[in-house]
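[1] got a sequence here, can you build the structure:
(one chain, ligands or ions: 1)
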Amino acid sequence: MSSLTITERIQSDLPELLRLLEESVNMDSPSKCKELNDTMAQWYARQFTRLTGGHVETVKHPVAGDRLLCHLGDGPKQVLLVGHYDTVWPIGEAGRRPFRIENGNAYGPGVYDMKAGLLQAIFALKALVESGRFPTDKRVTLLINSDEEIGSPTSRELIEQAAREAAAAFVLEPPMEPTGALKTARKGSGRYKLTVKGISAHAGVNPQNGVSAIEELACQIQRLHAITDHARGTTVNVGTVHGGIGSNVVADHAEAEIDVRVATSEEAERIDAELAALTPFLPNAVLTVTGGMTRPPMERTEATEALYALAREIARTELALHVEQTSTGGVSDGNFIAAVGTPTLDGLGARGDHAHSPLEYIRIAEIPARAALLARLIESC
Ligand SMILES: [Zn+2]
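    Okay, here's the model as predicted:
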């Protein structure tokens, strides 16, 4: 069967893919280091051009690492692939624990999140080109981002613009384990800061003249956590608190950092309004709320469902894979893509586990079938 040819091609390319995975994992690329990231970007640009014959547009940025738009094909229907080369790991991490293979798994900083996913995509495209099956009705753009791990602050616009032009988008983040499910819905997220100003006083001499910012914050934290509504998929978490200068001082300052997750844009608006309207419990305490929603929710649409049904069918009939769909509270660039209305399948990266942990790994044996699934989706969508 023709799809077996794709899987077999990727299988036979596996040694080269792993060699390149080793090379890329051993190059540090923390989100905030432009110099290393520019080097990493050019590495991917070279591999993409060499392996697929496509052309690469480097989108330069003065502060963040350069982004890449890797183009292949010139058909009328635009398909967008999105991944990021930045990792959460600091400079020197690759030197401390370089790429290694053990018991069929590959380890190293960023191997799972998501350097293997990027190579899987490039080799999927290579297989389509070399088998003469790159679809003439498609043009594919692989957008490689440099600041996903810090919320894509400088690349959001580029991603949204690319998404608006695309008929379908495939995000190369890891799937959801333990089943390897594709992600068709993600919660939206927000980051807020609540600052409380009170009035300081001596805790022994004139406490009645003071207004405790810490007492006020303690009340606000309970109010904030009470907003959480698991049935609606809404959570509010006060993740840090700071305040006060000593036990014998009525604190005139306290602050908290707050994480908000929502499943729908209506909830995003509702929570945002609720936070903006917070009023103090104590007379003369003053509240200031800053921040806001940073990623819109990726809501499951009919078009997304159709794309998922196609993936499940290809997986079942051609690849002997059982593929499920799931939703997650974690965010990715898929949030921005889906929010402009583009049907989005997320989780088309490598299988493995332990993102953002030194235990991070990928399962090598799963690479060919997952890459073939992506290749066949590009062909058939
Ligand atoms: Zn990550």
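[2] mind checking how far the residue positioned nearest the centre of the chain is from residue 210?
    Centroid-nearest residue in the chain: residue 332, 2.5 Å away (criterion: C-alpha atoms, centre = their mean). According to C-beta to C-beta, to the nearest Å, residue 332 and residue 210 sit 46 Å apart. All C-beta spots, glycine's among them, are computed from the backbone N, C-alpha and C.
[3] give me the contacts around the helix or strand containing residue 169.
    If you go by DSSP states H and E, residue 169 is part of strand 168-171. With C-beta atoms under 8 Å, 6 or more residues apart in numbering as the test, strand 168-171 has contacts from 79-83, 121, 163, 183, 307, 332-334, 337-338, 342-349, 374, 377-378, 381.
[4] give the pairing partners of it; include direction for each.
    Applying DSSP bridges to the sheet, strand 168-171 is found paired with strand 77-84 (parallel), strand 344-346 (parallel).
[5] only alpha carbons, please: show the longest one as CSV.
    This means strand 77-84. Only the C-alpha atoms of strand 77-84 are listed here, as CSV (Å, rounded to 0.1, in the frame of the first residue of the first chain):
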residue,chain,number,x,y,z
LYS,A,77,-4.2,25.2,-0.6
GLN,A,78,-2.0,26.4,2.2
VAL,A,79,-1.2,24.0,5.0
LEU,A,80,0.6,25.3,8.1
LEU,A,81,3.0,23.2,10.3
VAL,A,82,4.1,24.9,13.5
GLY,A,83,6.9,24.0,15.9
HIS,A,84,9.4,25.8,18.1
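[6] for that strand, give the mean pLDDT please.
    Taken as a whole, strand 77-84 carries a mean pLDDT of 98.
[7] over to stretch 27-44?
    97.
[8] who touches that stretch?
    With contact meaning C-beta under 8 Å, 6+ apart, stretch 27-44 is reached by 23-24, 58, 61, 63-68, 70, 85-95, 109-110, 118, 122, 144, 146-150.
[9] can you pull the contacts of the closest residue to residue 323 other than its chain neighbours?
    Closest residue in space to residue 323, ignoring its immediate chain neighbours: residue 315 at 4.1 Å, by C-beta to C-beta, 6 or more residues apart in numbering. With contact taken as C-beta under 8 Å, 6+ apart, residue 315 is in contact with 321, 322, 323, 373.
[10] longest helix in the protein, please.
    If you go by DSSP state H, the chain has its longest helix at helix 2-25.
[11] and that one, what other elements does it pack with?
    Counting contacts by 3 or more C-beta pairs under 8 Å, 6 or more residues apart in numbering; DSSP states H and E, helix 2-25 packs against helix 34-52, strand 105-107, helix 116-130, helix 302-318, helix 367-380.
[12] quick one, which of the contacts of residue 315 are buried?
    321, 323, 373 (16 or more other C-beta atoms under 10 Å).
[13] so how far is residue 312 from the last one?
    Going back to what we said before, that points to residue 373. 10 Å.
[14] repeat that for the first one.
    In this structure, residue 321 and residue 312 are 9 Å apart, going by C-beta to C-beta.
[15] what do you get for residue 323?
    From residue 323 across to residue 312, the span is 5 Å (C-beta to C-beta).
[16] for residue 37, same thing?
    Residue 37 sits 36 Å away from residue 312, going by C-beta to C-beta.
[17] and the nearest residue to residue 72 once chain neighbours are set aside, what is it in contact with?
    Nearest residue to residue 72, sequence neighbours excluded (C-beta to C-beta, 6+ apart): residue 54, at 3.6 Å. Residues near residue 54 by C-beta under 8 Å, 6+ apart: 48, 70, 71, 72, 73, 125, 140.
[18] and these, which two are furthest apart?
    Longest distance between any two of these is 13.1 Å, between 48 and 73; criterion C-beta to C-beta.
[19] the two: who's more crowded?
    Taking neighbours as other C-beta atoms under 10 Å, residue 48 and residue 73 compare with residue 48 leading, 24 against 21.
[20] now do the contacts for the more buried one.
    By C-beta under 8 Å, 6+ apart, the contact list for residue 48 reads 54, 56, 68, 70, 122, 142.
[21] element containing the residue nearest to the centre of the chain?
    Here residue 332 is assigned to no helix or strand, by DSSP H and E.
[22] likewise residue 90?
    Per DSSP H and E, there is no helix or strand for residue 90.
[23] who's the spatially closest residue to it that is not a sequence neighbour bridged to?
    Closest residue to residue 90 apart from its sequence neighbours, by C-beta to C-beta, 6+ apart: residue 30 at 5.5 Å. Counting by DSSP bridges, residue 30 is bridged to residue 87.
[24] burial count for residue 372?
    Neighbours around residue 372, by other C-beta under 10 Å: 29.
[25] strands of the stretch 201-350 of the chain, start to end?
    201-202, 235-243, 249-250, 253-262, 286-295, 325-328, 344-346 (DSSP state E, counting those that start in this stretch).
[26] I'm done for today, thanks for sticking with me.
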